[in-house]
Structures are given as structure tokens and as C-alpha cells.
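Engineer: I'll drop the sequence and a predicted model, then ask my questions.
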Amino acid sequence: MFGKTAIRKGRSGFTLVEVVLVLVLTLVISAISLPYFAHAYKGTQLRTAARTITRMTRYARSMAIMREEQVTVALNHETMEVFLGAASQTATNAADGKLDQDVLKRLGYVEGEASTGDAGIEKEVHRFLPENLTVREFKKDWREEDDPYEDLYLVRYYPDGQSEWFVLELEDQHGDAVRLENDPISGKITSEFMQ
């Protein structure tokens, strides 16, 4: 008799009611917190893109001042790639001093399509913006040399620290957007989130 009582008292475990209660509480807490996490994630891609572009433009301005040469930031709105660099030195062939075939095509002297994917910029740094973002609007003072590059938005930074003015609006799949505008004198980027 003594042994049976000891075995009964040593038995432990959860009842079905306790397990169901824990599951119900977990589901209620998840249902309450899920919309907050979804809303926070929704703006993450726009914030990441704004930070990426801001860092790239700061770096371009610094490199232009330090090297004392023009540095260009380019956004390919088809692939959502941002890259920067100075104008490449491929305008002439170093071996024979003749103009590169790509330059002749771009000027219309040779038939065929000129490659306009990089606008003659040596890609020093390039980043891809998060997926599912599109360019809602891009404004700047267009120059004649921007015309051949329909898929690129170019912003030039000069050795004196100034740059071209631009406004860029990026939109995500939910219709939220971020508006980036630079000050052409200081190079500072201001961002504003819109819905």
C-alpha cells in the first residue's frame, strides 16, 4: 500500500484545459501584435532605400571634393540599381589613340546601338535597392548630355562640393512613398515619408 501512494503523488503533467488555455492566449497575443509588426515592416524597404541613396550621395560628394573631379551618381530605374563613379577613361583607345567604337555609335557615326547601361561611368560602388520599389517621380534640371540615357537618372557632384538639384520619389507596392530632395549647395539630402 505504501508503494502505490508514492507512485500516485509523483505523477505530474499538464491537463488538456491548461494546454488549450496556453494556445488561446498565444493566439490572442499574436493577433494583437501582428498588425504592428506588419506596419513596421511595410516601411522598412523605403527607409533602407532612402538610407542607401543618402549614403551614396554623401560618398559621391566627398569623392568629388577629395579627387577634385566630377563624380556622378546614377539610378537605373529599370533594375533599381544605384551606382557612382567618375567618367570612365574609355573615350579613346589607349593603344592607338582612336575613338572607341561605343563613342562613335553614340555620336551616330557608326551604325548600331551604343551601350547606355552605365553612361560611361566606372562603377566604383553599386547597390541594388530593395525589391518591389519603383520610381514614382524624378525631377532635376536636365542637361543635354542626359538625353542619351533614358533608363538612367544622373546626378553630378562637382569638385567644389556642389551638385545638381534633384527630387526623387520612391514608391512601394502598398502605395507608400519616400521623397528625397538634395540641397545643391551643401549636398544634404532631406527625406519625407508620404502615403
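Structural biologist: Yep, it's here.
Engineer: Longest helix in this structure, please.
Structural biologist: helix 16-42 (DSSP state H).
Engineer: now that helix, how far from the centre of its chain.
Structural biologist: For helix 16-42, the separation from the chain centroid amounts to 33 Å (computed by CA atoms, centre = their mean, to the nearest Å).
Engineer: Just after it, pick out the following helix or strand.
Structural biologist: Per DSSP states H and E, the first helix or strand lying C-terminal to helix 16-42 is helix 44-67.
Engineer: contacts for whichever helix or strand comes after that following helix?
Structural biologist: Per DSSP H and E, the first helix or strand lying C-terminal to helix 44-67 is strand 71-76. The contact list for strand 71-76 (CB atoms under 8 Å, 6 or more residues apart in numbering) reads 53, 56-57, 60-61, 63-64, 81-87, 117-119, 121, 135, 138, 149, 151-157, 168. Just so you know, the C-beta spots here come from the backbone N, C-alpha and C atoms, and that holds for glycine as well.
Engineer: Recalculate using a threshold of 6 Å.
Structural biologist: The contact list for strand 71-76 (CB atoms under 6 Å, 6 or more residues apart in numbering) reads 56-57, 60, 63-64, 82-84, 86, 119, 121, 151-157.
Engineer: if we can go back for a sec, show me what counts as buried in the longest helix of the chain.
Structural biologist: Of the residues in helix 16-42, none count as buried by neighbour count, 16 or more other CB atoms under 10 Å.
Engineer: and if you look at stretch 183-195?
Structural biologist: If you call a residue buried by 16+ other CB under 10 Å, then stretch 183-195 has these buried ones: 184, 187, 189, 191.
Engineer: Grab the nearest non-local neighbour of the second one.
Structural biologist: Put plainly, it is residue 187. residue 61 (4.2 Å; CB to CB, 6 or more residues apart in numbering).
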